[in-house]
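Chemist: Requesting a structural model of the entry that follows:
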Amino acid sequence: MSLSIEELNLSIRAYNTLRMSGIRTVEQLRKMTIEELGKIENMKREYIEEIARSIIRLV
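Modeler: Numbers count the residues shown, from 1 in each chain. Next up, the predicted model:
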């Protein structure tokens, strides 16, 4: 079972951007490249950096 993106404790805006794009699990995120994340509507560089830091903390 994959962890929910809620487990990453992201800012509301980063979390909502992921949810609006259909991403619900950390596993979905881990399969994506930085370039793919950057193509998500309303995804800002700061959100990508926040997401990356949060995933690294899980390891």
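
Chemist: When you work out contacts or count neighbours from here on, use the C-alpha atoms and nothing else.
Modeler: OK.

Chemist: Buried residues, stretch 17-36. List them.
Modeler: 17-18, 23-26, 29 (16 or more other Cα atoms under 10 Å).

Chemist: repeat for stretch 50-59
Modeler: 50-51, 54-55.

Chemist: Take it, keep the C-alpha atoms, and write them as CSV.
Modeler: Only the C-alpha atoms of stretch 50-59 are listed here, as CSV (Å, rounded to 0.1, in the frame of the first residue of the first chain):
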residue,chain,number,x,y,z
GLU,A,50,9.0,21.3,-1.4
ILE,A,51,7.7,17.9,-2.7
ALA,A,52,11.2,16.7,-3.4
ARG,A,53,12.4,17.6,0.2
SER,A,54,9.3,15.9,1.7
ILE,A,55,9.9,12.7,-0.3
ILE,A,56,13.6,12.6,0.7
ARG,A,57,12.6,12.9,4.4
LEU,A,58,10.5,9.7,4.0
VAL,A,59,13.5,7.7,2.9
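
Chemist: what sits up against that stretch?
Modeler: With Cα atoms under 8 Å, 6 or more residues apart in numbering as the test, stretch 50-59 has contacts from 8-10, 14, 26, 30.

Chemist: Could you single out the nearest of those to Arg45?
Modeler: When those are compared for distance to Arg45 (Cα to Cα), Ala14 wins out at 10.2 Å.

Chemist: Give me the distance between that closest one and Gly38.
Modeler: Using Cα to Cα, to the nearest Å, one gets 12 Å for the distance from Ala14 to Gly38.

Chemist: Fine by me, we can end here.
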